[in-house]
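Asks: make a model of this:
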Amino acid sequence: MFFGEFPVTVEQLECVSPDWSRDDLRRLQGCLTDHGTTLRRLSEHYSLLASESRLKILALLECAGEICVCDLASVLAMTPAAVSQHLSRLRVGKLVASRREGMTIYYRRTEMPVVPPLVLPKLEVLTDTTD
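Replies: Residues are numbered from 1 along each chain as shown. From the prediction side, this is the model:
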């Protein structure tokens, strides 16, 4: 866990009215570490959606089905190069797919949901071993 630039351990934090034991807090930290890849992937996916231009492109592709870069650029009042940059990021994120026909590249939405459910890994920490 980091506060500012310094790593802070569970032992260094003093809670006024602790609800969790230090062992439970350490297990929670371990769960975050165990699920780091999943959380990082979700973060990268949601960062794709943090651009108004990319959201507009996705909305247009949802309506049009398939459309070329130059037509997207016209509708969005952007340069084809700028639209291509956004489409490139969306393609890497698997939200759009493309096909080439001669010199023209057409884009369409993929089946991947734009907004996946925000289902965080279940952090199972407390296992009651006392009966």
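Asks: for residue 20, grab the count of nearby residues.
Replies: By the criterion of other Cβ atoms under 10 Å, residue 20 has 14 neighbours. In this view, the C-beta of every residue, glycine as well, is placed from N, C-alpha and C.
Asks: for the spatially most central residue of the chain, helix, strand, or coil?
Replies: Centre of the chain computed as the mean C-alpha position; nearest residue by Cα atoms, centre = their mean is residue 45, 2.3 Å away. Here residue 45 is helix, with the state taken from DSSP: H, G, I helix; E, B strand; the rest coil.
Asks: does it really touch residue 92, like I thought?
Replies: No: with contacts defined as Cβ atoms under 8 Å, residue 45 does not count as touching residue 92, sitting 10.8 Å away.
Asks: need the overlap of contacts for the two.
Replies: Counting by Cβ atoms under 8 Å, 6 or more residues apart in numbering, no residue touches both residue 45 and residue 92.
Asks: could you chop the protein up by domain?
Replies: Split into domains by automatic domain parsing, the chain comes to 20-50, 51-109.
Asks: hey, which of the ones you listed is tucked in deepest?
Replies: Mean neighbour counts were taken over the domains of the chain using mean count of other Cβ atoms under 10 Å, and the top value, a mean of 15, falls to domain 51-109.
Asks: just the terminal-to-terminal distance for that one.
Replies: With Cα to Cα, to the nearest Å applied, domain 51-109 spans 17 Å between its terminal residues.
Asks: where's residue 70, which helix or strand?
Replies: When elements are assigned from DSSP states H and E, residue 70 belongs to helix 69-76.
Asks: can I get the CA coordinates of that helix in PDB?
Replies: In PDB, the C-alpha atoms belonging to helix 69-76 read as follows (Å, rounded to 0.1, in the frame of the first residue of the first chain):
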ATOM      1  CA  VAL A  69     -12.200   6.000 -41.200                       C
ATOM      2  CA  CYS A  70     -12.900   9.000 -43.600                       C
ATOM      3  CA  ASP A  71     -16.600   8.900 -42.900                       C
ATOM      4  CA  LEU A  72     -16.000   8.700 -39.200                       C
ATOM      5  CA  ALA A  73     -13.700  11.600 -39.500                       C
ATOM      6  CA  SER A  74     -16.300  13.600 -41.300                       C
ATOM      7  CA  VAL A  75     -19.000  12.900 -38.800                       C
ATOM      8  CA  LEU A  76     -16.700  13.600 -35.800                       C
END
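Asks: many thanks, have a good one.
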